[in-house]
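> Here is the input, now give the coordinates:
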Amino acid sequence: MSFFEEKNPEMDRYLENHASSEPEILKKLRRETFRKTTQPHMISGYQQGRLLTMVSKMLNPEKILEIGTFTGYATLCLAEGLSDHGRITTLDVNEDLAYLPRKYFTESKFSHQIDFKIQDAKEFLRNSGEFFDLIFVDADKENYAEYFRLIRPRTKSGSVVMFDNVLWYGKVLEENPRQKSTQAIKELNDLIAKDEDFENLILPLRDGVNFLRRK
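So this is what the prediction gives:
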């Protein structure tokens, strides 16, 4: 039985029915993502979206960085917690899909606080001199370990970092994985666990979120 076959749809419905509702704009975006994209499962979705919003609201960050925009669902969730003068920079390389997040960013009340860039995240991180209060990574898994190495210098004490899909359908349990993405995720989880500058916990939400805080 695979990692996802063990999930209980009835439990998911129960969890959603007993949590705060998502804003109407996110409901619309979620529906359009499933209608117009070939891999709608890549969207953060309801439960994870509410987690991102709660973390952002608790931090009330000035600067957020998101690596991997997709259709912008997680971006809008994170933006809910921004300070009044805060800003979220969200990066992606998929120009063909960029029209969709741009549409919803424009409609959002946070439009003036969202900086959407079509840019390689590694290039951005190497050239950026900014420090971020909150960073969320949900992008190409093969670069996860490299993203972490580049993110470290862009964090400060109290910064929170979240990596999505760190259980990778349960493939992280494979001792000698052949898939490069699995290798990279295992390397990431090992790097984080050994890094004394961070405290972390892997949350088994959906496909796993590695939740880090810089000491």
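> Quick one: the strands in the chain, in order.
Using DSSP state E, the strands of the chain run over 63-67, 87-92, 114-118, 134-137, 160-164, 198-203, 209-214.
> could those strands go into a markdown table alongside distance to Glu22?
Where you see a C-beta, it was placed from the backbone N, CA and C, and this is true even at glycine. A markdown table is the format used below for the strands of the chain (distance: least, C-beta to C-beta, whole Å):
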| stretch | distance to Glu22 |
| --- | --- |
| strand 63-67 | 18 |
| strand 87-92 | 18 |
| strand 114-118 | 18 |
| strand 134-137 | 17 |
| strand 160-164 | 18 |
| strand 198-203 | 19 |
| strand 209-214 | 18 |
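> wait, which of those strands is closest to Tyr99?
Of all those, strand 114-118 sits nearest to Tyr99, with 11.1 Å by C-beta to C-beta.
> closest one to Ala98 among the strands of the chain?
For the strands of the chain, the distance to Ala98 is smallest for strand 114-118, at 6.0 Å, taking C-beta to C-beta.
> export the strands of the chain to CSV and tack on distance to Asn17 and mean neighbour count?
Listed next are the strands of the chain as CSV, based on distance: least, C-beta to C-beta, whole Å; neighbours: other C-beta atoms under 10 Å:
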stretch, distance to Asn17, mean neighbour count
strand 63-67, 28, 26
strand 87-92, 29, 22
strand 114-118, 30, 16
strand 134-137, 25, 26
strand 160-164, 24, 24
strand 198-203, 20, 15
strand 209-214, 22, 20
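> would TSV of those strands with mean pLDDT and distance to Tyr99 be doable?
Listed next are the strands of the chain as TSV, based on pLDDT from 0 to 100; distance: least, C-beta to C-beta, whole Å:
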stretch	mean pLDDT	distance to Tyr99
strand 63-67	98	18
strand 87-92	98	12
strand 114-118	98	11
strand 134-137	98	22
strand 160-164	98	23
strand 198-203	97	32
strand 209-214	98	28
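> so who does Ser157 touch?
The contact partners of Ser157, taken as C-beta atoms under 8 Å, 6 or more residues apart in numbering, are 214-215.
> Roughly how far does it sit from Arg213?
9 Å (C-beta to C-beta, to the nearest Å).
> How about Ser21?
From Ser21 over to Arg213 the distance is 28 Å, taken as C-beta to C-beta.
> what's the answer for Glu146, then?
In terms of C-beta to C-beta, Glu146 sits 21 Å off from Arg213.
> same thing with Glu107?
Between Glu107 and Arg213 the computed distance is 33 Å (C-beta to C-beta).
> Likewise for Trp168?
22 Å.
> What is the least confident helix or strand in this structure?
Lowest on mean pLDDT, DSSP states H and E among the helices and strands of the chain sits helix 9-17, with a mean of 86.
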